[in-house]
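Engineer: what follows is a predicted structure for the sequence shown.
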Amino acid sequence: MSKMITQYVCQQCGRSFARSFGRCPQCGTYDSMVEEVIEKTPAAQKASPLGTLTRSTPVRLNDIEGDTAERIPISIGEFARVLGGGVVPGSIVLIGGDPGIGKSTLLLQVALEMAAKNTVLYVSGEESERQIKMRATRLQNSPPAKTFPEQLFLVTETNLDAILEHVRTVKPKMLVVDSIQTVYIPELESSAGSISQVRESASRLRKLAKTSGMAVFVIGHVTKEGVIAGPRVLEHIVDTVLYLEGDSFQSFRLLRSVKNRFGATSEVGVFEMREGGMAEVPNPSEAFLAERLVNTPGSAIAVTMEGTRPLLVEIQGLTSHTSLNNPRRTPNGVDMYRLLLIAAVLTRRMGLRLAEQDVFVNVIGGLRIGEPAADLAVAAAIASSQRDLPVRADTVLIGEVGLSGELRWVSQMETRLREAGKLGFKQAIIPRRVRRGEDLPQGITIHEARSLREALDYALLQEKRD
């Protein structure tokens, strides 16, 4: 006989306890315990007789039908790039991002695009059908009387059983659930958005995608730390995890893939938020450098790799005298610890007096750079501001900075240099090659430097230009 028990579940890591704690003993998160009442079934009742434990049947790999490379094409090129070339039938994709960043707008655009040839069901737990219609009208930049694709269906529902019933009725090729935190299963006693509801709802949607061949897109809320709310197992359940990033005060949005079973991870699609919705940015490097002021101290150009795409970004540095005992190190778009490392190397190896200077570093366009290939550009921007000497305007800087002040080689150098040459840069400062087998492009003058001092001596102009 089943009985009801009470347990306390951490909403961050999913660990359950018999009593509440102010701080989770598993992950250390404070005030994350939520009381849940569950139905406990004895193990004897859950056991199945031998021979009925599973209904699945092993199948030879050669007997499996279907093209493994089959994808549903989509004309939104940046979105298709992040997915790996198109929408994979039977996949489940999780999209997260800050509130108001444009998740619902982007997926509604994708639904409108897909509905031209396939049946699409858009399920919203946060907006009414009229609100979605108003957004679709704005995205189409058309009067309300204009007709939309006949195969696009909208429904406002949070009960997962009712959603699955709508799926059986409509039989869509693509399902959008906005959002997973609003969906609930009636059998579970916990409220919508709890860890058990999110986990079980995602598991059932995954089973729906795998058994029907339907592409499922799920929107997930994020916490104040910037990660998708709910258990970490949620990201393991889905096939693809995408994050929509960007500054709410900037127009650019970056759709980043952090997990993809059907394509490259760390791939990035660039969009610009406009009145008519998300517009693709086919050449993001040119867009990021559009407002750059040349021959200005404190500005350097780095070439970073986002997945398979090289991006040229402007890195700005500023040093300012401070009377505080502990000068500030303020990064925006770069890792704090990389900034501290570079500042220490500049102080110890280059003799820059940064101990009495506040140091600010900013990546233009709202982009976040996590790879060390931008170290040399960050160091050049800081040194340029401190010495009040501009960096050569036609030069890009690529390389990792070591603690001894040496420059280290980075991957995909040929791709980075080729992209810089396409945008009109004439020179590049890179680490000295250990192996001479790399094929570097011929259209750009390459200066190889062994140390940070050698690189900055060439990168910084010896006199200030107005």
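Structural biologist: Perfect, I can see it now.
Engineer: find the nearest non-adjacent residue to Ile301, please.
Structural biologist: Val396 (4.7 Å; CB to CB, 6 or more residues apart in numbering). C-beta coordinates here come from the backbone N, C-alpha and C atoms, glycine included.
Engineer: same check on Cys10?
Structural biologist: Once its chain neighbours are removed from consideration, Cys10 has its nearest residue in Cys24; the separation is 4.3 Å (CB to CB, 6+ apart).
Engineer: Asp31 is in contact with the one you found, correct?
Structural biologist: No - counting by CB atoms under 8 Å, Cys24 sits too far from Asp31 to count as a contact (9.2 Å).
Engineer: those two: who's more crowded?
Structural biologist: A side-by-side neighbour count of Cys24 and Asp31, using other CB atoms under 10 Å, places Cys24 first with 21 against 11.
Engineer: if I look at that one, how far off is Met33?
Structural biologist: 7 Å (CB to CB, to the nearest Å).
Engineer: the lowest-mean-pLDDT helix or strand in the chain: what's the following helix or strand?
Structural biologist: Every helix and strand of the chain was ranked by mean pLDDT, DSSP states H and E. The lowest is helix 43-46, at a mean of 50. Along the chain past helix 43-46, the next helix or strand (assigned with DSSP states H and E) turns out to be helix 77-83.
Engineer: just give me the longest helix of the chain.
Structural biologist: Looking only at the chain and at elements set by DSSP state H, the helix with the highest residue count is helix 195-212.
Engineer: after that helix, which helix or strand is next?
Structural biologist: Scanning forward in sequence from helix 195-212 by DSSP H and E, the next helix or strand is strand 215-220.
Engineer: contacts only, for the closest residue to Glu127 other than its chain neighbours.
Structural biologist: Counting by CB to CB, 6+ apart, the nearest residue to Glu127 once its immediate chain neighbours are dropped is Thr156, at 7.0 Å. When contacts are counted by CB atoms under 8 Å, 6 or more residues apart in numbering, Thr156 touches 123-125, 127-129.
Engineer: count the neighbours of the residue lying closest to Pro390 once chain neighbours are set aside for me.
Structural biologist: Of all residues beyond its chain neighbours, the one nearest Pro390 is Asn295 (4.6 Å), with distances taken as CB to CB, 6+ apart. By the measure other CB under 10 Å, the count of residues near Asn295 is 13.
Engineer: which helix or strand contains Asn295?
Structural biologist: Counting by DSSP H and E, there is no helix or strand that carries Asn295.
Engineer: so it versus Ala393, what's the distance?
Structural biologist: Remark: distance between Asn295 and Ala393 (CB to CB) = 6 Å.
Engineer: cool, Phe79 as well?
Structural biologist: In this structure, Phe79 and Ala393 are 34 Å apart, going by CB to CB.
Engineer: pLDDT (mean, whole number) over the helix or strand Thr137 falls within?
Structural biologist: Of the helices and strands defined by DSSP H and E, Thr137 is found in helix 129-140. Mean per-residue pLDDT for helix 129-140: 89.
Engineer: repeat for stretch 349-356
Structural biologist: Here the average pLDDT along stretch 349-356 is 92.
Engineer: heads up, I number from 45, so please use that
Structural biologist: I'll keep to 45 as the first residue from here, and by that count the last item is stretch 393-400.
Engineer: start to end distance for it?
Structural biologist: 17 Å (CA to CA, to the nearest Å).
Engineer: for that stretch, list every residue counted as buried.
Structural biologist: Judged by neighbour count using 16 or more other CB atoms under 10 Å, the buried positions of stretch 393-400 are 393-394, 396, 398.
Engineer: TSV for these, including secondary structure and distance to Ile345?
Structural biologist: Formatted as TSV, the entries for the buried residues of stretch 393-400 read as follows, by DSSP: H, G, I helix; E, B strand; the rest coil; distance: CB to CB, whole Å:
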residue	secondary structure	distance to Ile345
Arg393	coil	23
Met394	coil	20
Leu396	coil	21
Leu398	coil	22
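Engineer: tell me the one among those nearest to Glu463.
Structural biologist: Using CB to CB, Met394 is the member of the buried residues of stretch 393-400 that sits closest to Glu463, with 28.6 Å.
Engineer: how about the contacts made by the closest one?
Structural biologist: 427, 449, 496-497, 500.
Engineer: low-confidence ranges in this structure?
Structural biologist: Applying pLDDT under 70 to the chain flags residues 45-48, 81-99, 110-113, 186-190, 267-276, 292, 479-482, 507-510.
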